[in-house]
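Enquirer: predicted model, plus sequence, below.
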Amino acid sequence: MSKIGIIIKSEYTRRVTKKSFIFLTILMPFLMVGMMFVPIWLSTIKSSEVRTVAIIDATRKYAPLFQNTENYRFINSDKSLDDYRNSTDKELFALLNITGDLLQNPNAATLYSQKQIPQDLNYLVNQTIGETLEEEKLATFNIPNIKEIIAESKINFSVQTIKWEEGGKEAASSTKVASIIGFALTIFIFVFIMIYGSMVMSSVLEEKTNRIVEIMISSVRPFDLMMGKIIGIALVGLTQLFLWGIMVTFLVMVGGIAFGGGIDSSALQQGMAMQNPGANMDFNQVQGVSEIFQILSSIDFVEIGVFFVIYFIGGYLLYASLFAAIGSAVNQQEDTQQFMAPISTFMMFAYMAGLASVNNPDGPLAFWCSLFPFTSPIVMMMRLPFDVPLWEKLLSAVLLYVTAIGIVWLSAKIYRVGILMYGKKPSFKEMIKWIRYK
Amino acid sequence: MNFIETEDVVKQFSGHLALNKVSIQVPKGQIFGLLGPNGAGKTTLIRIINRITAPDSGIVRFDGRLLQPGDIYRIGYMPEERGLYKKIKVGEQALYFAQLKGLSRAVARERLKYWFEKFGIGSWWNRKLEELSKGMQQKVQFIITVIHEPGLLIFDEPFSGFDPINADLLKKEILELKDTGKTVIFSTHNMSSVEEICDEIALINRSEVVLSGEVQEIRKRYKTNTFTLTIPTPENGFDVTSDKFKVLDEKDQSGTMKLHIRKVQEISNSDLLTELAKSYEILSFTEEFPSMNEIFINTVSGTNSTQV
């Protein structure tokens, strides 16, 4: 095996066999999928507790409207408000006090409780009284069949967004779903480059401060040493990415089946219904869920995945080699700050530009930042779900890789000198001098 | 023939001259001691030989020609600040370094097993380096240095951190390396080890070579014509007045007397002995050469005081 091969293998196996790596790699997909499914699952859990709500109704008009539900039991009360105010009765959860005709005075109803009043009770009361009031109000107009007229005139409107593909083919798209995917990809690639880039830096620094490099330098070329480390760590990142991809896909499928098979999910409908207790089933929302599934299936995840890997490798190569150069130049962790600052500034700018691009994924900021090599790996992630023209992707990828190779070359020159340099803290000027050394 | 030679090597760090025209000659197959006080420039010279630092001027010759980049593959170097990964298992990193030095995995494993057993650290193979004592870490470092059997071995302060038993073990190993035809350079403050194992030395002080040559020859060069004489204690004490020598001190030890005398005239040792034998029964008569320690201290403080 060649020297660089030995280094790549050692750097790689050393890291993927670490307990923390295995732990994180296995745990993360569960966390990610958990964040998707737990809210749905939670909403399907029925609260077993039945709470008592007393109603003091001066008009005696509204109290009979309230039907007991799974969670709430309503009782009519003849006691006064003050009786309850000082009562220590733990059985009573809330008190609805209606003092007059609500059509004339909408403020005449008040809900009291010694605890925080849950959203669903609030909703239930409003819905029950509101519907009745609406009917009462309508009745005052004395128009026959008014209810039917109103029901017929209700229109649900939501504009459909269709994107014309090449050749005029229509595809349903959703800016919302694309934005969410864009956000996720942007954050993901940013964090990945940061984590694995700084892993390269601290590893280089360790070899320098422990003088490991002095015994290696006699058998390995500095370039092999640096590239072996960068490639080895990149492979660790890609391994993690690959495992996560497989695990998340698998878990989402399992989760989907567990929740009733995706689009026609009765559990989902039920979950939605539970979030709006007492209300009429809002079919729009359920349609929304199935639409999300439809739109998700319209997004080309394979293409996004491929481009993610391409940009991750390019961006990582660019930044990791800079990190390696910094690690080689300084003598201790604290000194890295000075050199890290400009690099983190670039990365933070790219991150911000990426997030800002969501409002206008084809705008000038997004366009130029997705071509500029120091920002393109991150900004392009936001644009990917919005179907970027192929030539832009190719141009930006080529620019990224050409720059990355240039930066690797420069970093190797700094690395070669810096790794064996001790004593004073180097300056930027000095590092430029190192590049010129033969 | 010299295996390594430096000629007028100069190295300047910002505002400080680390090496000033340093020339040393290291004969092939010998053990060469690089001596000097802290900060004299020993490590800088070693780093130049290892091509870790480049000299400002001067040349380094390796095996009769100018030192080439590829030559460092034939050097095993053990830095003073030891270079190993703290968090990685000892065996794993030893295998890694051995493979980087060009050994196949199988050969590396075989040789490492041999060395680990020899040094009694075989059971530490699967431990992280940081779990080992300092002495054991040094042993691992030594093994990694010699594992690819290079022609030249350079140890920077090899004895620091070793207890006397392990220091002895290390001396034995260094002598064994010499027996197999290797050339060894080591820097040290440990003067007794120099007398025991070094063939030649160079003493560097304040960036310059102030003394160099064969150890025995240097000790003779610095002889002070002092002798230790043992005789049965005379009844009236030692009472010889001669212009050929003078008595430095005398000590009576239950029937035998031990004296230090210094020859003051240019006469042979035999003549001196004959002179003494006229008056007394001689139990022993030995010429005392100064220890390397004395030479070291005298030379270093001597040059320092003349320069101050």
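Expert: Done, it's in. Note that the coordinates shown come from a computational prediction; the quantities given were computed from them, not determined experimentally. Numbering: from 1, shown residues only, chains lettered A, B, ... in the order given.

Enquirer: which regions of chain A sit below the pLDDT cut-off?
Expert: For chain A, residues meeting the criterion pLDDT under 70 lie at A:1, A:40, A:43-48, A:88-90, A:158, A:160-174, A:256, A:258-299, A:424, A:438.

Enquirer: contact residues of it facing chain B?
Expert: When proximity is defined as Cβ under 8 Å from any Cβ of the partner chain, chain A approaches chain B at A:1, A:3, A:6-7, A:10, A:14, A:206, A:210-220, A:420, A:423-424. All C-beta spots, glycine's among them, are computed from the backbone N, C-alpha and C.

Enquirer: write the ChimeraX selection for whichever of those residues are buried.
Expert: Here is the ChimeraX command that picks out the buried ones among those, judged by 16 or more other Cβ atoms under 10 Å in any protein chain shown:
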select /A:3,6,7,10,14,206,210,211,212,213,214,215,216,217,218,219,220,420
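
Enquirer: tell me which of the residues of chain A next to chain B fall in helices.
Expert: Members of those lying in helices (criterion: DSSP state H): A:3, A:6-7, A:10, A:14, A:206, A:212-216.

Enquirer: so how far is residue A:193 from the residue of the stretch 1-150 of chain B found nearest chain A?
Expert: Residue of the stretch 1-150 of chain B nearest chain A, by Cβ to the nearest Cβ: residue B:83 (3.7 Å). Going from residue B:83 to residue A:193 by Cβ to Cβ, to the nearest Å gives 29 Å.

Enquirer: what about the nearest residue to residue B:67 once chain neighbours are set aside, neighbour count?
Expert: Nearest residue to residue B:67 in three dimensions, chain neighbours excluded: residue B:60, at 4.3 Å (Cβ to Cβ, 6 or more residues apart in numbering or on different chains). Using other Cβ atoms under 10 Å in any protein chain shown, residue B:60 has 20 neighbouring residues.

Enquirer: is residue B:60 located within a helix, as I assumed?
Expert: No - read with DSSP: H, G, I helix; E, B strand; the rest coil, residue B:60 is strand and lies in no helix.

Enquirer: could you pull up the contacting residues of it?
Expert: Counting by Cβ atoms under 8 Å, 6 or more residues apart in numbering or on different chains, residue B:60 makes contact with B:4-7, B:9, B:48-49, B:66-67.

Enquirer: and the strand or helix carrying residue A:197, what's buried?
Expert: Following DSSP states H and E, the helix or strand that holds residue A:197 is helix A:175-209. By 16+ other Cβ under 10 Å, the buried positions in helix A:175-209 come out as A:177-179, A:181-183, A:185-190, A:192-193, A:196-201, A:203-209.

Enquirer: who does it touch, helix- and strand-wise?
Expert: helix A:212-216, helix A:222-258, helix A:283-298, helix A:301-329, helix A:336-356, helix A:376-383 (3 or more Cβ pairs under 8 Å, 6 or more residues apart in numbering or on different chains; DSSP states H and E).

Enquirer: of these, which is nearest residue A:120?
Expert: helix A:283-298 (15.9 Å; Cβ to Cβ).

Enquirer: who does the helix or strand harbouring residue B:6 pair up with?
Expert: For residue B:6, the enclosing helix or strand under DSSP H and E is strand B:2-13. Here strand B:2-13 is paired, per DSSP bridges, with strand B:16-27 (antiparallel), strand B:57-62 (antiparallel).

Enquirer: of those strands, which is nearest residue A:383?
Expert: With distances scored as Cβ to Cβ, the stretch of those nearest to residue A:383 is strand B:16-27 (55.4 Å).

Enquirer: check which helices and strands the helix or strand that the closest one is followed by is in contact with.
Expert: Reading on from strand B:16-27 to the C-terminus, the next helix or strand found by DSSP H and E is strand B:31-35. Packing partners of strand B:31-35 (3+ Cβ pairs under 8 Å, 6+ apart): strand B:16-27, helix B:42-49, helix B:164-179, strand B:183-188, helix B:191-197, strand B:200-205.

Enquirer: least reliable of the ones you listed going by mean pLDDT?
Expert: For these, mean pLDDT drops lowest on helix B:191-197, to a mean of 85.

Enquirer: does residue A:14 touch residue B:88 like I think?
Expert: Yes - counting by Cβ atoms under 8 Å, residue A:14 touches residue B:88, with 6.4 Å between them.

Enquirer: what about residue B:285, how many residues close to it?
Expert: Residue B:285 is flanked by 16 other residues according to other Cβ under 10 Å.

Enquirer: same check, this time on the one 3 residues further on
Expert: Burial measure for residue B:288: 14 neighbouring residues, criterion other Cβ under 10 Å.

Enquirer: likewise residue B:238?
Expert: Applying other Cβ under 10 Å, we find 16 other residues in the vicinity of residue B:238.

Enquirer: show me the contacts for it.
Expert: Each residue near residue B:238 by Cβ under 8 Å, 6+ apart is listed here: B:231, B:247, B:250, B:257, B:259, B:280.

Enquirer: what's it sitting at in phi/psi?
Expert: In terms of degrees, to the nearest 10, the main-chain angles of residue B:238 are phi -70, psi 120.

Enquirer: make TSV from the ones in helices among the residues of chain A next to chain B and add distance to residue A:386 to it.
Expert: Shown next, in TSV, are those (distance: Cβ to Cβ, whole Å):
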residue	distance to residue A:386
A:3	44
A:6	44
A:7	40
A:10	42
A:14	40
A:206	42
A:212	47
A:213	46
A:214	51
A:215	52
A:216	47
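
Enquirer: give me the contact list for the strand holding residue B:6.
Expert: Contacts of strand B:2-13 (Cβ under 8 Å, 6+ apart): A:423, B:17-29, B:41, B:44-45, B:48-49, B:53, B:55-64, B:151-152, B:183, B:185.

Enquirer: any chance of CSV for the contacts of residue B:238, columns secondary structure?
Expert: Output for those, formatted as CSV (three-state DSSP):
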residue, secondary structure
B:231, strand
B:247, strand
B:250, strand
B:257, strand
B:259, strand
B:280, coil
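
Enquirer: give me the element the spatially closest residue to residue A:317 that is not a sequence neighbour is part of.
Expert: Ranked by Cβ to Cβ, 6+ apart and with sequence neighbours excluded, the top spatial neighbour of residue A:317 is residue A:404, at 4.2 Å. Element membership of residue A:404, judged by DSSP H and E, is helix A:390-418.
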